[in-house]
Structures are given as structure tokens and as C-alpha cells.
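Colleague: Dropping the sequence and predicted coords here.
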Amino acid sequence: MPQHSLNVLVQVIDKSPSNGEMWDVQTCTWWRAPVIWEGMFDAALYDQTHAKEGSSVALTVFAVGRYLDAYLETFLTSAECHFMLALPVTYYVFTDAPEKVPQVALGPRRSLKVIRVPKHSRWQDVSMMRMKAISDAIESDIRHRCTHVFCLDVDQEFTGRFGPEALGESVALLHAYYYNLPKWLFTYDHNPGSRAHMDTGDFYYHAAVFGGSWRSVKALTESCYQGITEDKRNGVEARWHDESHLNKYFWLHKPSRVLSPEYCWDRQIGDRKAIRVAHVFVFLPNISHIKLT
């Protein structure tokens, strides 16, 4: 999926990297949602608490055209090593080629469901139409078996713990390229003709990772899909497609939990002083120039 081109970084309070030097990062939003950074949570306590509460997670991912061949196996095998290991997980793989989904060895209480989706010639259309597919899957299946949903891009690899500390009612991710930029550089959609139009916002969120309770994710995906559909009727396409609509949604409906850029880091950015764990979730080499068909 697309990479944004700006090459910059971080915001404000409370971390100490391994070299002992202090660096400020923001750990709470103005509406009192925690911003989750490495070192500010007890991993074992989160595992125990969510296991006791009976939490379970659906992980949705779209693997269409060459994205399936290039990324899906790495995505799934790395998730089996790092994603929500203390909880039951069901992978929902949306693809135009179910017969090509790799056979990955799954651990106890882990399962995989494959859902066929139509082919689209542009990744932009896949990206935007995923909102409806996720909403439909929640309604027909996910809500009956999982308490939470996470939606992730396939062109990524888990290389460190991604655990229940990331769970919340509504979860957004700070975009690694924008989280230390002034707001006037955030690439919101400024076209008044689009439903995604924004003049300003709180943060710039990344659509590569979002989640929450199944109810909250269903509300988000339905709202984004409605906005995308209305834009299409009006001959409009938001600047960053479904990500623009997602940012508008989180501006109007504040997330209850915000993940730091550590949860989706890009190797091309390089090391940054505020990033203690630049390996929780990272981009694989970009193939956005490759046609999907």
C-alpha cells in the first residue's frame, strides 16, 4: 500500500532509551486516551487480564493480486510468532485468489478464514472497498466469535510483540512519517467536495493499523464506506483514499487508545531517539508500483 514521502518525526513526555538519555513523547491525548509506547505497560498483566476477560481477536488482511504472492506468507508466519499470543485469534484473509493462500502452521486457538473479494485494477480501489468487506464480515461472522478486531495492511511483518496492550474500544495509530510534524503539514483532505474534508485535526493517523471492539470497527468501516460511496457518486476521490476517510472519522469520534509509531515503523525512516522498539511492526519493501493484476 502507498508510502507517504515526508521523512520526519516525533512529539512530547516520558521515555528513557537504553542509553539513559531522556526523550519526550506524548503518553496521553487531551481527551485522556493513552498513547501506548514501549516501557509504559506491564505485558504479562495485559495478557492475564484479557485472557481472564475472555478477549479474542479477529485480524483482517487484504491480499490481492501480487500482494498475496509477495507478502501474505510472511505476514501470517510472523503474526503467529508475535500477534496476540495470549489470546484466541482468527485471521480473515480477503483475496481474489483463495486457492493461492499459503498453508501456514497455526498454533492452538488460532484459525484462518479465507474470503473471496472481487479483483480491482487499482490498489486505491482495493484500499477503499475494504471498508465494506470488513463491515460485512463483522456482521456475518466476526461479531459471533471475536470481541475485538484489528485491520492491517499485508505489506508488513511482525518482528516483535503486538499484544493485548494494543486492545481498546477504538484504536488508532500515529503515522510514523507525521507524528512529530506541525499540524499544517498533515496531509488531510482539504477538498470541500469530499466527505473526508478536514481543515485540521488532532493527529495524523495511519490506516495500515486500526482496530477496536467489533462494534466500534463496524461503525468506523460503515462510516468510511458511506463517505467513499458518496465521493464516488460526486466524482471525487479523497487525497489518501480510505486513510483520509479514517482520519475524518477519528476527528469526529475520538479513539479511546492511540498506538505509538513503534507499532508500525518504516525501516526507510531509520533509527529515531524516541523509538525504543522500532521492530514491533515494520514495512516490508514497497511494491506499490506493481499492478495488482
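Modeller: Yep, it's here.
Colleague: quick one: the strands in the stretch 1-150 of the chain?
Modeller: 35-36, 57-62, 89-95, 110-116, 148-152 (DSSP state E, counting those that start in this stretch).
Colleague: and those as CSV, adding distance to G160 and mean neighbour count?
Modeller: Where C-beta positions appear, they are placed from N, C-alpha and C, glycine not excepted. Output for the strands of the stretch 1-150 of the chain, formatted as CSV (distance: least, Cβ to Cβ, whole Å; neighbours: other Cβ atoms under 10 Å):
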stretch, distance to G160, mean neighbour count
strand 35-36, 13, 21
strand 57-62, 16, 24
strand 89-95, 17, 22
strand 110-116, 18, 15
strand 148-152, 15, 25
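Colleague: For G54, which non-adjacent residue is spatially closest?
Modeller: Counting by Cβ to Cβ, 6 or more residues apart in numbering, G54 lies nearest to T147, which is 7.1 Å off, once chain neighbours are set aside.
Colleague: Please read the previous query as pertaining to C146.
Modeller: That would be A58: by Cβ to Cβ, 6+ apart, it lies 4.1 Å from C146.
Colleague: how close does the one you found sit to A105?
Modeller: Distance from A58 to A105, counting by Cβ to Cβ, to the nearest Å: 20 Å.
Colleague: Show residues contacting stretch 230-238.
Modeller: Q124, D189, N191, G193, S194, R195, A196, G227, I228, S244, H245 (Cβ atoms under 8 Å, 6 or more residues apart in numbering).
Colleague: ah, wrong one, I meant stretch 148-155
Modeller: Contacts for stretch 148-155 (Cβ under 8 Å, 6+ apart): 1, 55-63, 67-68, 70-72, 75, 130, 134, 138, 142, 166-167, 171, 207-214, 217, 221, 281, 283-284, 286-287.
Colleague: try stretch 183-202
Modeller: 4, 6, 29-30, 178, 203-204, 226-228, 230-231, 234, 236-240, 244-245, 247-248, 250-251, 254.
Colleague: of those residues, buried ones?
Modeller: With burial judged by 16 or more other Cβ atoms under 10 Å, the buried subset of the contacts of stretch 183-202 is 29, 178, 203-204, 227-228, 231, 236-238, 240, 244-245, 247-248, 250-251.
Colleague: among those residues, which are in helices?
Modeller: Assigned to helices by DSSP state H, the following of those qualify: G227, I228, D231, S244, H245, N247, K248, F250, W251.
Colleague: Please tell me how far the closest residue to S111 other than its chain neighbours sits from V114.
Modeller: Distances taken as Cβ to Cβ, 6+ apart put T90 closest to S111, at 5.0 Å, once the chain neighbours are dropped. Distance, T90 to V114, using Cβ to Cβ: 11 Å.
Colleague: who touches both of these two?
Modeller: The contact lists of T90 and V114 share no entry, where a contact means Cβ under 8 Å, 6+ apart.
Colleague: Would you map the helices across the stretch 101-250 of the chain?
Modeller: 123-137, 143-145, 214-233, 242-252 (DSSP state H, counting those that start in this stretch).
Colleague: Reformat the ones you listed as CSV; add distance to E262.
Modeller: Output for the helices of the stretch 101-250 of the chain, formatted as CSV (distance: least, Cβ to Cβ, whole Å):
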stretch, distance to E262
helix 123-137, 23
helix 143-145, 29
helix 214-233, 22
helix 242-252, 19
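Colleague: What is the burial count for the residue nearest to K248 when sequence neighbours are not counted?
Modeller: Closest residue in space to K248, ignoring its immediate chain neighbours: A196 at 4.7 Å, by Cβ to Cβ, 6+ apart. Here the count is done by other Cβ atoms under 10 Å, and A196 has 27 residues near it.
Colleague: give me phi/psi at A196?
Modeller: phi -90, psi 0 (degrees, to the nearest 10).
Colleague: For it, give its distance to N247.
Modeller: 7 Å.
Colleague: same deal with T74?
Modeller: Computed as Cβ to Cβ, the T74 to N247 distance reads 28 Å.
Colleague: sorry, back to before: list the contacts for the residue nearest to C146?
Modeller: 89-92, 137-138, 142, 145-146, 148-150, 214.
Colleague: so the closest residue to K113 other than its chain neighbours bridges to which residues?
Modeller: Using Cβ to Cβ, 6+ apart and skipping the chain neighbours, the partner closest in space to K113 is Y92 (5.3 Å). Y92 has the following beta-bridge partners by DSSP bridges: T60, K113.
Colleague: still on that earlier bit, show me which pair in the contacts of stretch 230-238 is furthest apart.
Modeller: Pairwise distances across the contacts of stretch 230-238 (Cβ to Cβ) peak at 17.4 Å, for the pair Q124 and G193.
Colleague: Kind regards, and thank you for your time.
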